[in-house]
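J.: Have a look; sequence and predicted model below, questions after that.
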2 protein chains.
Amino acid sequence: MTIDQEDVTEHAGELDYLIQWLSAFGQTENGGVTRLLYDKAWREAQSSMQDKMRELGFSTYFDDVGNLFGRIQGTENTPNVILTGSHIDTVIDGGKYDGAYGILAALLAASRLVRKYGMPKRTVEVVSLCEEEGSRFPLSFWGSGNITGKYNAENALKVADTHGVTLLNAMQAAGFGKGDHVNARRSDIDCFIETHIEQGRILELEKKCWAPVSHIVGQRRYTVSLSGKSNHAGTTPMYLRKDALYAAAQMIAEVVHRAEVLHNGLTTTCGSIVADPNVSNVIAGSCRFSLDIRHHQTDVLEQFSAAAIEFFKSLANQSGIGITIDKWMDVEPVQLDPGLTEMNFKIGEKAGIPIRKMISGAGHDAQIFGNFCPTALLFVPSHNGISHSPEEYTDTEALEIGIQMLMRVLFRLAYN
Amino acid sequence: MTIDQEDVTEHAGELDYLIQWLSAFGQTENGGVTRLLYDKAWREAQSSMQDKMRELGFSTYFDDVGNLFGRIQGTENTPNVILTGSHIDTVIDGGKYDGAYGILAALLAASRLVRKYGMPKRTVEVVSLCEEEGSRFPLSFWGSGNITGKYNAENALKVADTHGVTLLNAMQAAGFGKGDHVNARRSDIDCFIETHIEQGRILELEKKCWAPVSHIVGQRRYTVSLSGKSNHAGTTPMYLRKDALYAAAQMIAEVVHRAEVLHNGLTTTCGSIVADPNVSNVIAGSCRFSLDIRHHQTDVLEQFSAAAIEFFKSLANQSGIGITIDKWMDVEPVQLDPGLTEMNFKIGEKAGIPIRKMISGAGHDAQIFGNFCPTALLFVPSHNGISHSPEEYTDTEALEIGIQMLMRVLFRLAYN
């Protein structure tokens, strides 16, 4: 059953309306969206989303951390659930599509299936996950983390936002975390299907419409701190220097070059650098830079990171520079369910649209579910690859194709 | 006539007292000194310095920009003057020795010569130059610049301090710039002799006491601005990146390395770097860094700078990175008077102390006089090479040796 262009054009307006409707909750001056976990815009969005779900025929409920579910009971009355959706929160001044699109695509796909084919055999739930971005609290995946058992109430005591409000207090102020709703932890989820914008340029550049994601990369993040000796730029001969910025430059140049020539999908980014005293005529006495390494295979990630660190230490040692390396993030790669990925790829081929498999370089709720139940992640293109910005954009027809593909996937899972 | 250790020890206290006395004007909480051109501490210091000069037997006068002179009239009554001294101003929270030592050494050397040998044949003037550092106004060498004709009253209209006070207003508020004193411009200076701390570690490391300086390096300073493309660190493959920080790192690593392997005294410093948005998980869209290149020969400076710039442009071009290079300082090298340098070196050898010739990597009033009249610059060691800091230090005996050497130099010039 190939995707029909007329059908796409006809339905595209429906999603477009919902995208604009949802982006009004937390709209910023720049035309972006700020919806932080449990804040006013978030509460209004989740509450209005509940109304919207009801309007579209879903029975709805919140769990006790604020994940919102819209349920369509399957005719076979088995206890298990096919879960689909994404997250409602955004980064500060983020875009209209990251997260939001995955919820709305699921809502439209499930409700259209019901209109077209009647009630499914297996129960489908659309989820508007409360949090993924980690924008308010120094913790991410709060929604999927509570469902899958990665987090529980204890974690809510330990973290606070920049105003000192704990996650627990914020949650309770929003009406959750007091046992008034069902416990978030689940054991009835058969599989999780997430649709998301790519947040990269690969699909657009390769003129592909859609991509089942096979893996989500693992990430190692480090802060490298170098201590040399601050000195006069004119009176200190080259052979007497301990130039921390020069050492940092050599490290960054080498490690990014190594990633560049690998051509195996590994990415290495040094995005942040701070030198001290950071004055043109003084040799930098200290310098700190960030290192972000990602790949979808643990051994590749491990090998590259270990070699980078060894190189840094050896260069520092030769240069008489002190070095400390702080690994502050270590997330393992996640392979999404190979059976679902293959099934989705075949559904894509049958749909007669240009598709490819791909690897996600960004984190998603699907990576939390991926360690918990069979999980699929489905990408649509991002214009210019821009994300986490008011300029985030995907054209309506591309978004509609994503919905029509999700309908095919859910049909296979819930109606067969 | 060798330097006598007992004599050094006996006299050392005299200078020590004066160093502490002068550092009280503008003393900071950190034990440093802040005396900015025409500010309260500066005015008190110059006024007290005038008293001190009178006390030591000098006839004194200010010129119309605030340079203070202490004169000992020569018995031959020729119109010309042997000028010796340094600058009274400091950087913000600077040390007790930079500039101050050169004035006090000149005061003590000249007055001791008079006590020991009577009035000189040729007139000697000790000068407390009003400004060298450029710490208050974006202009340096205001004192020597007015004496030598590099600057005049017009320049005082055009620059202002960070509070918007023009140099002219500040000067007039301090009682200068209104024609009440003699014009600063001079045509009667036979030679200028400046004693200064090295501000580097070479003398200390080589266990040398004293150094006639043959050249003051020229300096080129640039700001290199790179514009790439800010992008997601996870979803942007290496081959799609325009990473401005990576490009900067490659440039800094290469250009500093080139200077390191030259071994010809050229220095290259990239002391300042700013990346944007400077976030660990975002590829830097832009990056700006400083480049400071110094050498005592124009052709070496020129050749190295041109090659560096060519390399930067070529690398930027290959990486698809935009580049602008702003040269905001271009100071030619100055060769000090070879005859004086040679004479001083021989005087040093006769004194039986460990000496060497050297090149100054920092700027000094001597470089302004060096283009105007025969000029000599004489260094004493700096402990750990630290300067422009409250921790600037030279032990009293090392400073006393500098005075005894200056006495020998002035004796040769003024008494023979």
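T.: Received, thanks.

J.: which residues does the closest residue to chain B within the stretch 51-200 of chain A contact?
T.: Chain B sits closest to A:Gly200 of the stretch 51-200 of chain A, with a gap of 3.0 Å, by C-beta to the nearest C-beta. (Each C-beta comes from the backbone N, C-alpha and C, glycine too.) The contact partners of A:Gly200, taken as C-beta atoms under 8 Å, 6 or more residues apart in numbering or on different chains, are A:Gly361, A:Ala362, A:Ser382, A:Gly385, B:His232, B:Gly234, B:Thr235, B:Thr236, B:Pro237.

J.: backbone phi and psi for the residue nearest to it when sequence neighbours are not counted, please?
T.: Computed as C-beta to C-beta, 6 or more residues apart in numbering or on different chains, the closest residue to A:Gly200 that is not its neighbour in sequence is B:Thr235, at 3.0 Å. Here is the backbone geometry of B:Thr235 (degrees, to the nearest 10): phi -100, psi 0.

J.: what's the neighbour count on B:Thr235?
T.: Residues within reach of B:Thr235, counting by other C-beta atoms under 10 Å in any protein chain shown, total 25.

J.: Contact residues of the stretch 301-416 of chain A facing chain B?
T.: A:Ser360, A:Gly361, A:Ala362, A:Gly363, A:Gly385, A:Ser387, A:His388 (C-beta under 8 Å from any C-beta of the partner chain).

J.: For the residues you listed, which two are the farthest from each other?
T.: By the measure C-beta to C-beta, A:Gly363 and A:Gly385 form the most distant pair in these, at 16.2 Å.

J.: which other residues reach stretch A:164-171?
T.: Residues outside stretch A:164-171 that contact it (C-beta under 8 Å, 6+ apart): A:37-38, A:65-66, A:136-137, A:139, A:142, A:153, A:155-161, A:177.

J.: Would you mark the buried spots in stretch A:407-415?
T.: Under the neighbour-count criterion of 16 or more other C-beta atoms under 10 Å in any protein chain shown, stretch A:407-415 has A:Met407, A:Arg408, A:Val409, A:Leu410, A:Phe411, A:Leu413, A:Ala414, A:Tyr415 buried.

J.: which one among those gets closest to A:Pro354?
T.: The shortest gap between A:Pro354 and any of these belongs to A:Arg408, at 15.8 Å (C-beta to C-beta).

J.: Would you verify that that closest one is located in a helix?
T.: Yes. Counting by DSSP: H, G, I helix; E, B strand; the rest coil, A:Arg408 is located in a helix.

J.: give the contact list for the residue lying closest to it once chain neighbours are set aside.
T.: Computed as C-beta to C-beta, 6+ apart, the closest residue to A:Arg408 that is not its neighbour in sequence is A:Ile347, at 4.9 Å. By C-beta under 8 Å, 6+ apart, the contact set of A:Ile347 is A:Met405, A:Arg408, A:Val409, A:Arg412.

J.: How is A:Phe69 assigned, secondary-structure-wise?
T.: Here A:Phe69 is recorded as strand under three-state DSSP.

J.: how close does it get to B:Ile323?
T.: Using C-beta to C-beta, to the nearest Å, A:Phe69 is found at 53 Å from B:Ile323.

J.: Between the two, which is the more surrounded one?
T.: Legend: neighbour count by other C-beta under 10 Å for A:Phe69 and B:Ile323, higher for A:Phe69 (23 against 19).

J.: Just the element for the nearest residue to the more buried one once chain neighbours are set aside, please.
T.: Distances taken as C-beta to C-beta, 6+ apart put A:Glu125 closest to A:Phe69, at 4.9 Å, once the chain neighbours are dropped. Per DSSP states H and E, A:Glu125 falls inside strand A:123-129.

J.: Can you list the strands that that strand pairs with?
T.: Its sheet considered, strand A:123-129 pairs with strand A:68-72 (antiparallel), strand A:81-87 (parallel) by DSSP bridges.

J.: Got the confidence number for the residue nearest to A:Arg408?
T.: We have a pLDDT of 97 for A:Ile347.

J.: Can you say which helix or strand has it in it?
T.: Assigned by DSSP H and E, A:Ile347 belongs to helix A:338-351.

J.: what does the helix or strand that comes right after that helix rub up against?
T.: Using DSSP H and E, the next helix or strand after helix A:338-351 towards the C-terminus is strand A:358-360. For strand A:358-360, the external contacting residues (C-beta under 8 Å, 6+ apart) are A:198, A:202-203, A:211-217, A:265, A:296, A:366, A:377, A:379, B:234-235.

J.: any idea how far strand A:358-360 is from the chain center?
T.: Relative to its chain's centre, strand A:358-360 lies at 12 Å (C-alpha atoms, centre = their mean, to the nearest Å).

J.: mind listing the helices in the stretch 101-250 of chain A by residue range?
T.: For the stretch 101-250 of chain A, the helices defined by DSSP state H, counting those that start in this stretch occupy A:142-148, A:153-158, A:167-173, A:202-205, A:244-262.

J.: Could you tell me the least trusted of the ones you listed?
T.: Taking the mean pLDDT of those, helix A:153-158 comes last: a mean of 90.

J.: Could you export that helix as CSV, CA atoms only?
T.: Extracted as CSV, the C-alpha positions of helix A:153-158 are listed here (Å, rounded to 0.1, in the frame of the first residue of the first chain):
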residue,chain,number,x,y,z
ALA,A,153,10.3,9.0,44.1
GLU,A,154,13.7,9.0,45.9
ASN,A,155,15.3,10.7,42.9
ALA,A,156,12.8,13.5,43.2
LEU,A,157,14.2,14.5,46.6
LYS,A,158,17.7,14.9,45.5
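
J.: Flag every buried residue along that helix.
T.: The neighbour-count check on helix A:153-158 (16+ other C-beta under 10 Å) flags A:Ala153, A:Asn155, A:Ala156 as buried.

J.: cool, and stretch A:50-69?
T.: Buried residues in stretch A:50-69 (16+ other C-beta under 10 Å): A:50, A:52-53, A:56, A:58, A:60, A:62-69.

J.: gap between the two ends of it?
T.: With C-alpha to C-alpha, to the nearest Å as the measure, stretch A:50-69 spans 8 Å from end to end.

J.: hmm, stretch A:28-45 touching chain B?
T.: No. Contact between stretch A:28-45 and chain B is absent, the nearest approach being 15.0 Å (criterion: C-beta under 8 Å from any C-beta).

J.: pLDDT of that stretch, averaged?
T.: Stretch A:28-45 shows a mean pLDDT of 96.

J.: From the centroid of chain A, which residue is nearest?
T.: Nearest to the geometric centre of chain A sits A:His364, at 3.1 Å (C-alpha atoms, centre = their mean).

J.: Just give me the longest helix of chain A.
T.: As assigned by DSSP state H, the longest helix anywhere in chain A is helix A:298-319.

J.: Which residue of chain A lies farthest from its centroid?
T.: In chain A, A:Thr235 marks the outermost C-alpha relative to the chain mean, sitting 50.4 Å out by C-alpha atoms, centre = their mean.

J.: Might you report the residue contacts of it?
T.: So A:Thr235 contacts B:Glu198, B:Gln199, B:Gly200, B:Arg201, B:Ile202, B:Ser360, B:Gly361, B:Ala362, B:Gly385, B:Ser387 (C-beta under 8 Å, 6+ apart).

J.: Looking at those residues, which are in strands?
T.: Among the contacts of A:Thr235, the residues falling in strands (DSSP state E) are B:Ser360.

J.: Just the buried ones from the contacts of A:Thr235?
T.: When the contacts of A:Thr235 are checked for burial by 16+ other C-beta under 10 Å, the buried set is B:Glu198, B:Gln199, B:Gly200, B:Arg201, B:Ile202, B:Ser360, B:Gly361, B:Ala362, B:Gly385, B:Ser387.
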